[in-house]
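> Give me the fold of what follows.
(2 chains)
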Amino acid sequence: IAGITQAPTSQILAAGRRMTLRCTQDMRHNAMYWYRQDLGLGLRLIHYSNTAGTTGKGEVPDGYSVSRANTDDFPLTLASAVPSQTSVYFCASSKGESGELFFGEGSRLTVL
Amino acid sequence: GQNIDQPTEMTATEGAIVQINCTYQTSGFNGLFWYQQHAGEAPTFLSYNVLDGLEEKGRFSSFLSRSKGYSYLLLKELQMKDSASYLCAVKGGDYKLSFGAGTTVTVRA
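Numbering: from 1, shown residues only, chains lettered A, B, ... in the order given. Predicted coordinates for the structure are as follows:
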């Protein structure tokens, strides 16, 4: 089934640890995104990639890094997790810059 | 930056109509999207408006007025399964999608 796969689905992490959230899509979409969703704040863009080999910063990039080595994969790394990074993280993709976004099922991260 | 406002909560009765308003102030405009998100699930695409006017898709319709920075999502013949959060999102001049905080709609029997 075509779509976006995120892993892990849920994770509890100690503060200071490094964590990578994985995202893979099989729709051959050029653009990919990482959002975090917090109660009352909605979805906020962390980082994005318009095409393989390029990345850009969104609204809340601090404490996060991404890479886009190929079209399908777009991992999000927290170098040293802090409790304020407790959130639900959604990976998304779109065919081009103007297309609709397709979302993965989300990764719930708790940093203690 | 982007500023997108929508009501926090709405309640309606099964079979009724509900209108969710969204106002926005953005740097550039390349379209307005509505997404539906059930609790614990991913957002799913509902509608897209880039020109002024009404777009109808089954029981759901979406309206846009660019000059007023205003959109609404109309849900007709409400069903229990329509209980969800509805997210208004605007694609700005940089082609990045910014989201409102969402409107939680509760449908009562």
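
> phi, psi of A:Ser84?
For A:Ser84, the backbone dihedrals are phi -70, psi -10 (criterion: degrees, to the nearest 10).

> who in chain A is up against chain B?
Contact residues (CB under 8 Å from any CB of the partner chain) of chain A with chain B: A:33, A:35, A:40-45, A:48, A:58-59, A:90, A:97-98, A:100-106. C-beta here means a position set from N, CA and C on the backbone, and glycine is covered the same way.

> Buried ones among the residues you listed?
When the residues of chain A next to chain B are checked for burial by 16 or more other CB atoms under 10 Å in any protein chain shown, the buried set is A:33, A:35, A:42-45, A:48, A:58, A:90, A:97, A:100-104, A:106.

> Beta-bridge partners for the spatially most central residue of chain A, please?
Centroid-nearest residue in chain A: A:Trp34, 3.0 Å away (criterion: CA atoms, centre = their mean). According to DSSP bridges, the residues that bridge with A:Trp34 are A:His47, A:Cys91.

> residues touching it, list them.
A:21, A:23, A:45-48, A:58, A:64, A:66, A:74, A:76, A:89-92 (CB atoms under 8 Å, 6 or more residues apart in numbering or on different chains).

> picking that back up, nearest to B:Leu54, of the buried ones among the residues of chain A next to chain B?
A:Glu100 (18.7 Å; CB to CB).

> how close does the closest one sit to B:Lys91?
Separation of A:Glu100 from B:Lys91 (CB to CB, to the nearest Å) stands at 10 Å.

> Can you check which residues contact both of the two?
With CB under 8 Å, 6+ apart, A:Glu100 and B:Lys91 have common neighbours B:Phe33.

> burial of the closest residue to A:Gly40 other than its chain neighbours, as a residue count?
Spatially, and ignoring its direct neighbours in sequence, A:Gly40 is nearest to B:Ala101 (5.9 Å; CB to CB, 6 or more residues apart in numbering or on different chains). B:Ala101 sits with 20 neighbouring residues when counted by other CB atoms under 10 Å in any protein chain shown.
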